[in-house]
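>>> starting from these lines, generate the structure:
(2 chains)
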Amino acid sequence: MLAYVLRRFVVIIPTLIVVSVVTFAIIQLPPGDFFTTLQAEVAETGGGQDKEVIKKLQEVYGLDKPVYVQYLKWVAGFPRLDFGYSLEWSAPVWDVIVSKLAYTVFLGGLSLLFMVVVSIPIGIYSATHQYSVGDHLLSMVGFFGLCLPGFLLALVWMFLGIIILRIDVGGTMSREMVNAPWSMAKLLDYLNHLWPAVVVLGLASTAQLQRITRSNLLDVLGQQHITTARAKGLKERKVISKYAMRMAINPLISVMALEIPKIVGASTLVGIVMMLPTLGPIFLRALRSQDMYLAGTILLFTTLILMLSNLLADIALAWADPRIVYT
Amino acid sequence: MKDAATRSQELFKLYEELADTGEGVEEAAEPVDSVTGKSLEAIYAASQWRLMWRKFIRNRAAIGGGIVILLLYLVALFADFIAPYTLTTRLRGYIYMPPQRIHFINDGKFQPFVYDLNLTIDKNLRKIYTPDLTRKLPIQFFAHGEPYKLLKLFETDVHLFQVPEGAICLLGSDRQGRDMFSRILLGSQVSLTVGLVGVFLSLALGSVLGIMSGYYGGLVDDIIQRVIELVRSFPSVPLWMALSAAIPIGWSVMQTYFAISIILSLIGWTWLARQLRGKVLALREEDFVLAAKLAGASDTRIIFKHLVPASFGHIVVVSTLAMPAMILAETALSFLGLGLRPPVTSWGVLIQEAQNFQSLALYPWVFTPAAVIAICILAFNYLGDGLRDAADPYTV
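Numbering: from 1, shown residues only, chains lettered A, B, ... in the order given. From the prediction side, this is the model:
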């Protein structure tokens, strides 16, 4: 098991190298960049402090050298957590993104948790009460959730919040609370802004997982070992939880792994719409102003989050299903 | 689902009984399907397409979705005619006008009309429109309005409906006094086709590579699969954003439009390729492929004459299911200001214009495009779901 985990970790490295090359190529695509714009500005205004900065950056990142040298210089800084310099924020990229990165992972993790906690019980209910009113109703809600992904849902939530509920939606807390000292009221306000974000982000995946749970469990419930368990006189609760769910859970882990990229992607858009401090808003800003190191690093990190969570899912699957042999 | 299962059981029983009595199928009174009342033999002899169609039309949600999609595309095709105004018509004095109600009965006669609106501005500088009950604006059908080119071919100025004076905005107007209804209709031309072009491109790429990957296997398969894995290791939304940001601002409307659809398909094809590869892997082992091979058919012939038609149903399903994602992606990109930009008008551009949440609170109707998008996406999903079930008519 440990060897398997280690090997999977090692495999990530070459992928990451290719990904970083592609990322660098993409952020080099637009004609002109923030740097030349800044240079032109400096030349116009006569320079000053900016001139010094530019000269230093030019040396450090080899901006006057061929592209591959620039790439190598960029990558060489990675082990020192040096991902380049954000010209727009006038700060190292790492300092700009670290708090947003943490919030993105935090929000994504909560959504994942929400998805598991909500969808599996609903899926079990739907499967054990097949074709009941509740099942039909939940399936329909699930279908809507599946079709309207985070971006649209976030817009609708903002719309509802403003028009109907007349509350301060968006951001991590209400405007008047931002500078207030931490108190019970502030915490409540914070949570009141957090849960819609979690729900919006996790709903599409929740719907998907709920559907799969239902169909998997229905498949398993038709099998003979379930009939045997029932014939032995086991309680229905035990039959479901110990026999049926145990079998149905393995495919669910794979499905969860497939849902993670959606959550990561959606968190960008949802962050922008709901004005949350995820990587989304600064990514959009960096793309617009062609702040290439910042944009590239964010793209790289979202990819890394994706790869690591896929790895985690694979490990979870290996742990949950002892029948899988890893060689 | 349930009735289909019981039906097949009934069929089975029926045949067992027939076998017991020693009578052949031909001699027995023609067995009849208990549900459809059709001859059972007709069911057994039906072609695969027939079976698919039969299964499809039983799914009411899918039919509903299909009708909505058909209507949306029809409306998009004749949008210039149905819309009372053009994309850029500014109605002076009707800025941020709320949706008007159509009244159908005028003086006991059927004659649709709307009331003209009086504008007052309250102390918060908010525009208040009140219907002027003395001024009825009769709706004239097939009346002359602004010139346009029908189907981009015939010049005409006949619109489906017009008012002689004042303004008619069924869904209100925006901050420049442009009719939302007209803009949504005309925006659908862009939104609905960009997804279509995107799906078509990814289909071309995905089906060729996917079928090749599944058919040849070995090194070809390995290389294609590695490329797919690489593309898929990127999260799609940020990658879409980064690529669209690279579209030069100076590009023309057409160039941007195609650039966006290429970007959409660049990521979409991997999913299609994966799906088709799996399908072809299964088909490759079928007898009819072996027979074709033994008959001396070339690989190209086998792929295009046998494998592509055999997976055609699957291709249709997969591309229908890919449509909503494409439409949404275009909407999201335009919404962020990275995709299509004004003067091009798509649903995403419309939402982007409604993005100011402060004005949204005062003038909520500028948000209607979001509802239209939601309806379109839901319809596509229902249709795709139904098609998926129908594409495999032998499972019950």
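
>>> now residue 301. Nearest residue, chain neighbours left out?
Because you didn't say which chain, this covers chain A. Spatial nearest neighbour of residue A:301, chain neighbours left out: residue A:101 (6.0 Å); criterion: Cβ to Cβ, 6 or more residues apart in numbering or on different chains. Any C-beta I mention is one placed from the backbone N, CA and C, and that applies to glycine too.

>>> let me rephrase: I mean chain B.
Of all residues beyond its chain neighbours, the one nearest residue B:301 is residue B:292 (7.4 Å), with distances taken as Cβ to Cβ, 6+ apart.

>>> go ahead and confirm the one you found touches residue B:304.
No - under the criterion of Cβ atoms under 8 Å, residue B:292 lies out of contact with residue B:304, with a separation of 11.3 Å.

>>> the two: which is more packed in?
Per other Cβ atoms under 10 Å in any protein chain shown, whichever of residue B:292 and residue B:304 has more neighbours is residue B:292, with 17 against 12.

>>> and the gap between residue A:122 and residue A:213?
In this structure, residue A:122 and residue A:213 are separated by 8 Å, where distance is defined by Cβ to Cβ, to the nearest Å.

>>> then residue B:115?
Relative to residue A:213, residue B:115 is positioned 54 Å away (criterion: Cβ to Cβ).

>>> just residue B:371 next, same as before
In this structure, residue B:371 and residue A:213 are 30 Å apart, going by Cβ to Cβ.

>>> and the two? which has more neighbours close in?
For residue B:371 against residue A:213, the residue with the higher neighbour count under other Cβ under 10 Å is residue A:213, and the figures read 25 against 14.

>>> what pLDDT does the more buried one get?
At residue A:213, the predicted lDDT confidence score is 88.

>>> please apply the same query to the one 4 residues further on.
Looking at residue A:217, its pLDDT is 87.

>>> ok, back up a step: check contacts around the residue nearest to residue B:301.
Residue B:292 makes contact with B:301, B:302, B:305, B:306 under the criterion Cβ atoms under 8 Å, 6 or more residues apart in numbering or on different chains.

>>> flag every residue of the stretch 101-250 of chain A that's near chain B.
Where the stretch 101-250 of chain A comes near chain B, counting by Cβ under 8 Å from any Cβ of the partner chain, the residues are A:131, A:143-144, A:146-149, A:151-152, A:155-156, A:158-159, A:162-163, A:170.

>>> ok, so of these, who is nearest residue A:241?
Nearest to residue A:241 among those, counting by Cβ to Cβ, is residue A:131 at 22.1 Å.

>>> and the gap between that closest one and residue A:86?
For residue A:131, the distance to residue A:86 equals 56 Å [Cβ to Cβ].

>>> neighbour count for those two, which is higher?
Neighbours per residue, other Cβ under 10 Å: of residue A:131 and residue A:86, the larger number sits with residue A:86, 24 against 11.

>>> mind checking how far that one is from chain B?
Using Cβ to the nearest Cβ, to the nearest Å, residue A:86 is found at 16 Å from chain B.

>>> so residue A:277, which of the three states?
Using DSSP: H, G, I helix; E, B strand; the rest coil, the three-state assignment for residue A:277 comes out as coil.

>>> thought it was touching residue A:271?
Yes - counting by Cβ under 8 Å, a contact exists between residue A:277 and residue A:271, whose distance comes to 7.4 Å.

>>> so which of these two has more stuff around it?
Regarding residue A:277 and residue A:271, a neighbour count based on other Cβ under 10 Å identifies residue A:271 as having more, with 26 against 16.

>>> can I assume the more buried one sits in a helix?
Yes - going by three-state DSSP, the assignment for residue A:271 places it inside a helix.

>>> wait, what's in contact with it?
Under the criterion of Cβ under 8 Å, 6+ apart, the contact partners of residue A:271 comprise A:104, A:107, A:277, A:278, A:279, A:280, A:281.

>>> distance of residue B:129 relative to residue B:96?
Here the criterion is Cβ to Cβ. By it, residue B:129 lies 8 Å from residue B:96.

>>> then residue B:270?
From residue B:270 over to residue B:96 (counting by Cβ to Cβ), the distance is 44 Å.

>>> how about the helix or strand hosting the residue nearest to residue B:301: buried residues?
With secondary structure defined by DSSP states H and E, residue B:292 is part of helix B:287-294. By neighbour count on 16 or more other Cβ atoms under 10 Å in any protein chain shown, the buried set for helix B:287-294 is B:289, B:292.

>>> give the rounded mean pLDDT of it.
Per-residue confidence for helix B:287-294 averages out to 87 on the pLDDT scale.

>>> now do it: distance to the chain's middle.
Here helix B:287-294 is found 37 Å from its chain centre; the criterion is Cα atoms, centre = their mean, to the nearest Å.

>>> and that helix, C-alpha only, in CSV?
The C-alpha atoms that make up helix B:287-294 are tabulated as CSV, following Å, rounded to 0.1, in the frame of the first residue of the first chain:
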residue,chain,number,x,y,z
ASP,B,287,-18.7,-10.9,-35.4
PHE,B,288,-19.7,-8.4,-38.1
VAL,B,289,-16.3,-6.7,-37.8
LEU,B,290,-14.5,-10.1,-38.1
ALA,B,291,-16.7,-10.9,-41.1
ALA,B,292,-15.8,-7.6,-42.7
LYS,B,293,-12.1,-8.3,-42.0
LEU,B,294,-12.3,-11.8,-43.5
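
>>> in the stretch 151-300 of chain A, which spans are helices?
In the stretch 151-300 of chain A, the segments counted as helices under DSSP state H, counting those that start in this stretch are A:184-221, A:224-231, A:236-238, A:245-273, A:279-288, A:292-320.

>>> distance between the third one and the chain's centre?
Put plainly, it is helix A:236-238. 36 Å.

>>> then the longest one?
Distance of helix A:184-221 from the chain centroid (Cα atoms, centre = their mean) equals 14 Å.

>>> so for it, what gets flagged as buried?
For helix A:184-221, a neighbour-count test (16+ other Cβ under 10 Å) marks A:186, A:189, A:193-194, A:196-214, A:216-218, A:220-221 as buried.

>>> measure the closest residue to residue A:146 other than its chain neighbours to chain B for me?
In this structure, residue A:146 finds its nearest non-sequential neighbour in residue A:207, 4.1 Å apart by Cβ to Cβ, 6+ apart. Taking Cβ to the nearest Cβ as the measure, residue A:207 and chain B are separated by 11 Å.

>>> pretty sure residue A:207 is touching residue A:148, no?
No - the criterion here is Cβ under 8 Å, and residue A:207 misses it with residue A:148 at 9.4 Å.

>>> does chain A sit close to stretch B:193-200?
No - among the residues of stretch B:193-200, none lie within reach of chain A under Cβ under 8 Å from any Cβ; the closest is 14.5 Å away.

>>> average pLDDT for that stretch, rounded please.
Taken as a whole, stretch B:193-200 has a mean pLDDT of 88.

>>> how far off centre is it?
Using Cα atoms, centre = their mean, we find the averaged C-alpha position of stretch B:193-200 to lie 10 Å away from the chain's own average C-alpha position.

>>> which ones are touching residue B:274?
Counting by Cβ under 8 Å, 6+ apart, residue B:274 makes contact with B:210, B:228.

>>> near chain A, which residues of chain B show up?
Selection of chain B residues close to chain A by Cβ under 8 Å from any Cβ yields B:2, B:229-230, B:232-239, B:241-243, B:245-246, B:248, B:324, B:328, B:331-332, B:335-338, B:351, B:357, B:360-361, B:364, B:367, B:370, B:373-374, B:377-378, B:381.

>>> report the buried members of the residues you listed.
Applying a neighbour-count criterion of 16+ other Cβ under 10 Å, the buried members of those are B:232-239, B:241-243, B:245-246, B:324, B:328, B:331-332, B:335-338, B:351, B:357, B:360, B:364, B:367, B:370, B:373-374, B:377-378, B:381.
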